[in-house]
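**Q** Next comes the sequence, and after it the predicted model I'd like to discuss.
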Protein chains: 4
Amino acid sequence: MSMHTAALRDRACLIVHGPDQPGLVAAVTALITRHKANIVSLDQYTDDPEGGNFFQRVVFHMNDLAAAFPDLKADLAQTLEPYGMTWKLTDQSVPKRMAILASTSDHCLLELLWRHRRGELNVTIPMVISNHTNTAEDVRSFGIPFFHVPSQGPDKSAAEAEILKLLAGNVDFVVLARYMQILSDDFITGVGVPVINIHHSFLPAFIGAGPYKKAKERGVKLIGATSHYVTKDLDEGPIIEQDVARVDHSHSAAALQARGAYVERAVLSRAVQWHAEDRVIRHGNQTIVFT
Amino acid sequence: MSMHTAALRDRACLIVHGPDQPGLVAAVTALITRHKANIVSLDQYTDDPEGGNFFQRVVFHMNDLAAAFPDLKADLAQTLEPYGMTWKLTDQSVPKRMAILASTSDHCLLELLWRHRRGELNVTIPMVISNHTNTAEDVRSFGIPFFHVPSQGPDKSAAEAEILKLLAGNVDFVVLARYMQILSDDFITGVGVPVINIHHSFLPAFIGAGPYKKAKERGVKLIGATSHYVTKDLDEGPIIEQDVARVDHSHSAAALQARGAYVERAVLSRAVQWHAEDRVIRHGNQTIVFT
Amino acid sequence: MSMHTAALRDRACLIVHGPDQPGLVAAVTALITRHKANIVSLDQYTDDPEGGNFFQRVVFHMNDLAAAFPDLKADLAQTLEPYGMTWKLTDQSVPKRMAILASTSDHCLLELLWRHRRGELNVTIPMVISNHTNTAEDVRSFGIPFFHVPSQGPDKSAAEAEILKLLAGNVDFVVLARYMQILSDDFITGVGVPVINIHHSFLPAFIGAGPYKKAKERGVKLIGATSHYVTKDLDEGPIIEQDVARVDHSHSAAALQARGAYVERAVLSRAVQWHAEDRVIRHGNQTIVFT
Amino acid sequence: MSMHTAALRDRACLIVHGPDQPGLVAAVTALITRHKANIVSLDQYTDDPEGGNFFQRVVFHMNDLAAAFPDLKADLAQTLEPYGMTWKLTDQSVPKRMAILASTSDHCLLELLWRHRRGELNVTIPMVISNHTNTAEDVRSFGIPFFHVPSQGPDKSAAEAEILKLLAGNVDFVVLARYMQILSDDFITGVGVPVINIHHSFLPAFIGAGPYKKAKERGVKLIGATSHYVTKDLDEGPIIEQDVARVDHSHSAAALQARGAYVERAVLSRAVQWHAEDRVIRHGNQTIVFT
């Protein structure tokens, strides 16, 4: 949904999750009423009505939100403490800062820049970092800084250190838009913010490199793409979104790749939008997505 | 989702809708907490955060629900009266009674009977009524009564009166499973319960008779089906669900019809399931569907 | 597409495949013209225009086809011999004989029986064999013989031998409609006709048992089904058709299974139809499907 | 499928259509063999095996095609004349020249420019014409000339005349990429080349202006887009491609429009690609599309 700054003023998003308990929803909604806020949307899910986990996303409108934010947070801390819940309150008029890492492929990168320019992604983009230079001109034509950090042989620690230095303190999450370097555990730990990847297959099918070639060899009738949070286990992180496209015997591996590019850019865009709007809650190796 | 009687015991579904107001969600959830019930799921939607309409569906579990039902209803009436809301409370362990009207086509009819037998539709089926006899044996093999009410020439009032007499007091909603007679305004008024139809096109395209023939002539690349509540305006009632299937130039009108049959039965089944589970709220000529 | 016996009278289907060579299409079409037949449809595919493999399916109409069949075959043998091609000629008015093997699940089995009764599958069904008895009454209500061959402990050779004896000489292909026994290599060799399976996942994801449970654990956003020819390598045979359905975090493993059942029955039905109509050509571990 | 100039060298595409007759396919394929060409792909369709219309698309490879082109055309004229067929032979290494007409919306325009830059559309783009200037910089950054022809009040004849002058002799087809002016009959006659439009609804639903607003009011559960050839009857020309996206009650008309933009650009791109590759045959108000 198109985002307009005006529409997001004085809007907060509250995420609550933890062990399900009677009275939880009443406590949260009473708090919101107490602060004279008006609920815009509310989604919730309990994975097991008997002693399961509770997940809730509430968007509410409140006059002079920015001024009231500290009070609101203090009240939330006090109200939710007895329930032992994890919670997070965000001001929707403050967009998250998103860095993009890319390589030579431009389709996912340009799709994100384009949707951002159309006002469809509630983010700012402080930088694009690539280990190649071919997309520099395109990126800068969108008014976005481009940094070139080449991959230097098998030892990636210097390049990773340089990337970490660029990111440090400047971003709220990182998107790997077909970035073709495998990140080290140290990098993933060190970056300290969520990292979202797009994998060019319908995971868990065709894990690892060369999925379109593998798909061609296996003779599948659908190809797919998967966007997931990056964890230390390659291609094993929590899945945010997936989609597929129909193919047939007449498609070469190159044709699968060309067709797949359109699935990749759509899937990654949706995942980024949902993350930017606090619609995704991680729970173990799974996600709850309130679309 | 498969329905098991045990899982639905002591479960209530509350639908609330009307003008949006601050405090509404808090009032409802506080009431549920007060009655020591536990919220299983909660969906809500407001069509305009500034003075719009509010729609909510809450499913909750409450021990000895049947005994507490009158108290609960009294409390709801008192709590929601100041807000001027419309509300409805149902006991999910009491399935709705669904009559099916059919003609010669069996695909939608058999799909419903089959899903019912698999325990996927939370309904009872007290009767199938048809203006033809070809499906009688099939229907009865599912253990369901079959009544033959033939259409008798241009004056349908006698047949309609006979159908109304069979339905009166015995059903909570009626499904037209490719019933090929146009019902009179008097019938629709007289039946007094919701009537769900399946139309064999992607409405509002190809309104009226012969949609597959029209689709072939217009050369469309997708065919569809639409399930909607029946109103006095033919094919104009609130849409519950729609879907499409891809076709191409090589499909004859007969082939479109054969392919469309599978879209029709899927679309009608979803609409019936959602209605049976109180997931659909009518609002003017539109529906809010909490899936 | 709905099959009518009348429409299929005097219709032949010719499959040709082998090394691509100049003049091949001209030779085949000239032969058909020579026999005063009229081409109804023609599909072809070459996997590499430079020295690749050629695949062709031609359907043609020819008066008194049955009488001319031997002549036609002799001419084909002589014409195609110099090209070293594999070919197969079938009379479309002679439906293939299909046996179905099932276990307790009825959704794939009933879908096939139902589509057959609607005239949408150009097959005869001489028998259904199950290692359970729960579907016997349903099967026989379609006028089809039902044989119960129970699985007897870890040694399946006796049961398999009994099944082979029932099938021998009576069927042209076998469909495993959620048959939950793993067939031995000896069975697959001994049966001597193609065997089509439906696997309840989007292969190669979730190979083996319990795919819906695995899908739930991995947190996928789409579930799927795959129909393939059975080979000695479990779940590794040539894929005929696949499809998916969207799911989310709120679906339990049981709900995935219920939703998946509808994908399974649709995927298996399409695969069976295409096989019955000689639309599928096996090539190594892949299929060329002319839909 | 990605197009590479090298791969298209010496490749011809032959389209044949007209009354179906025995021997037609044999005559065409014999001709191709006679010229020592090799068939790369062949699709054909007959709308009625008894006296219907025949449609064929053959792609073949022939050494030194450009030199042999006149001979080939002469032979085709002579061979096909007795059959009374319409035919067209094109050299696939010569891309069609495509002009784009646009207004303020950039999504369809940029998608085409982008796919063109990725080498996925076998066209050249000699010009973009818009009645607004907002996309000028973007268009020129792709190295493509941009011409501004403003709409001037109710009399469009001057603007249309200016556009016709720019197009005359320079283009093989025209694409309306959300061009928001209704073209006069004189323009459509005068332009003399095919004109492809993208309509922002699933035609024939919501013909005319404001389809997303109408879709919201009607409460549909899917929105769509349709690409068609422009004829004198607004929104009534032969459909090339259509697709849909799922929506629900929570989408405003603006949200439908934002979501629809992604369907529009995908549908228009496919239609343009198929037209550029001579995959679309017009037949009355329908199209045969060999994908």
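**A** Nice, thanks for sending it over.
**Q** out of everything not next to it in sequence, what's closest to A:T287?
**A** A:P238 (4.8 Å; C-beta to C-beta, 6 or more residues apart in numbering or on different chains). Just so you know, the C-beta spots here come from the backbone N, C-alpha and C atoms, and that holds for glycine as well.
**Q** what sits against that neighbour?
**A** A:H228, A:Y229, A:T231, A:R282, A:H283, A:G284, A:N285, A:Q286, A:T287, C:G219 (C-beta atoms under 8 Å, 6 or more residues apart in numbering or on different chains).
**Q** from those, which is closest to D:P22?
**A** A:H228 (57.4 Å; C-beta to C-beta).
**Q** and the residue nearest to A:T287, how far is that from chain B?
**A** A:P238 sits 22 Å away from chain B, going by C-beta to the nearest C-beta, to the nearest Å.
**Q** mind checking pLDDT for that residue?
**A** With respect to pLDDT, A:P238 scores 97.
**Q** Distance of it relative to A:N285?
**A** Using C-beta to C-beta, to the nearest Å, we find A:P238 at a distance of 5 Å from A:N285.
**Q** where do the contact lists of those two overlap?
**A** Residues touching both A:P238 and A:N285 by C-beta under 8 Å, 6+ apart: A:T231, C:G219.
**Q** Got the confidence number for the residue in the stretch 151-291 of chain A that chain B sits nearest to?
**A** Ranked by C-beta to the nearest C-beta, the top residue of the stretch 151-291 of chain A for proximity to chain B is A:R246, at 8.8 Å. On pLDDT, A:R246 comes in at 96.
**Q** contacting residues around the closest residue to it other than its chain neighbours?
**A** In this structure, A:R246 finds its nearest non-sequential neighbour in A:L222, 5.8 Å apart by C-beta to C-beta, 6+ apart. Contact analysis of A:L222 by C-beta under 8 Å, 6+ apart lists A:F202, A:V244, A:A245, A:R246, A:V247, C:F202, C:G224, C:Q242, C:D243, C:V244.
**Q** Please repeat the previous calculation with a cut-off of 7 Å.
**A** Contact analysis of A:L222 by C-beta atoms under 7 Å, 6 or more residues apart in numbering or on different chains lists A:V244, A:A245, A:R246, A:V247, C:Q242, C:V244.
**Q** Show only the entries of those found in strands.
**A** Counted as lying in strands by DSSP state E, out of the contacts of A:L222, are A:V244, A:A245, A:R246, C:Q242, C:V244.
**Q** among those residues, who's most crowded?
**A** C:Q242 (25 neighbours; other C-beta atoms under 10 Å in any protein chain shown).
**Q** Just the pLDDT at it, thanks.
**A** Looking at C:Q242, the pLDDT reads 97.
**Q** The spatially closest residue to A:Q242 that is not a sequence neighbour: neighbour count?
**A** Once flanking residues are discounted, A:Q242 sits nearest to C:K221: 4.4 Å by C-beta to C-beta, 6+ apart. Counted with other C-beta under 10 Å, the neighbours of C:K221 add up to 23.
**Q** which residue of chain A sits farthest from its center?
**A** In chain A, counting by C-alpha atoms, centre = their mean, A:S250 sits farthest out from the average C-alpha position, at 34.5 Å.
**Q** From what I see, that one and C:D43 are in contact.
**A** No: judged on C-beta atoms under 7 Å, A:S250 makes no contact with C:D43 at a distance of 10.3 Å.
**Q** got the residues of the stretch 51-200 of chain A near chain B?
**A** Residues of the stretch 51-200 of chain A lying near chain B by C-beta under 7 Å from any C-beta of the partner chain: A:H61.
**Q** Please enumerate the strands of the stretch 51-200 of chain A.
**A** A:53-61, A:86-91, A:96-102, A:123-130, A:146-148, A:173-177, A:195-199 (DSSP state E, counting those that start in this stretch).
**Q** The closest residue to chain C within the stretch 1-150 of chain A: which element?
**A** Proximity of the stretch 1-150 of chain A to chain C (C-beta to the nearest C-beta) peaks at A:Y45, 5.8 Å away. With secondary structure defined by DSSP states H and E, A:Y45 is part of strand A:38-46.
**Q** for A:H228, same thing?
**A** strand A:222-229.
**Q** Quick one: distance of that strand to the chain centre.
**A** Between the centre of strand A:222-229 and the centre of its chain there are 14 Å (C-alpha atoms, centre = their mean, to the nearest Å).
**Q** ok, back up a step: any chance of the backbone angles for the residue nearest to A:Q242?
**A** phi -110, psi 0 (degrees, to the nearest 10).
**Q** That one reaches A:E241, doesn't it?
**A** Yes: counting by C-beta under 7 Å, C:K221 does reach A:E241; the two are 5.8 Å apart.
**Q** Sketch out the low-pLDDT regions of chain A for me.
**A** Per-residue confidence for chain A (pLDDT under 70) gives these ranges: A:1-6.
**Q** mind running it again at 90?
**A** Counting by pLDDT under 90, chain A contains low-confidence ranges at A:1-8, A:21-26, A:38-41, A:47-51, A:151-156, A:208, A:233-235, A:291.
**Q** Outline the domain layout of it.
**A** Following automatic domain parsing, chain A resolves into domains at A:5-91, A:96-289.
**Q** Please identify the deepest-packed of the ones you listed.
**A** Mean neighbour counts were compared across these using mean count of other C-beta atoms under 10 Å in any protein chain shown; the top stretch is domain A:96-289, at a mean of 19.
**Q** Let's see the distance spanning that one from one end to the other.
**A** One end of domain A:96-289 sits 18 Å from the other (C-alpha to C-alpha, to the nearest Å).
**Q** In the stretch 101-250 of chain A, which residue sits nearest chain C?
**A** Closest point on the stretch 101-250 of chain A to chain C, by C-beta to the nearest C-beta, is A:G219, at 3.5 Å.
**Q** how much space between that residue and chain D?
**A** Distance of A:G219 to chain D, given as C-beta to the nearest C-beta: 18 Å.
**Q** One more: A:L222?
**A** 16 Å.
**Q** Now do the helices in the stretch 1-150 of chain A.
**A** A:5-8, A:24-34, A:65-80, A:107-117, A:136-141 (DSSP state H, counting those that start in this stretch).
**Q** closest to C:E120 out of the ones you listed?
**A** Of all the helices of the stretch 1-150 of chain A, helix A:107-117 comes closest under C-beta to C-beta, at 40.6 Å.
**Q** for the nearest residue to A:L176 once chain neighbours are set aside, what are its contacts?
**A** Ranked by C-beta to C-beta, 6+ apart and with sequence neighbours excluded, the top spatial neighbour of A:L176 is A:N197, at 4.4 Å. Under the criterion of C-beta under 7 Å, 6+ apart, the neighbours of A:N197 are A:L176, A:S227, A:H228, A:V230.
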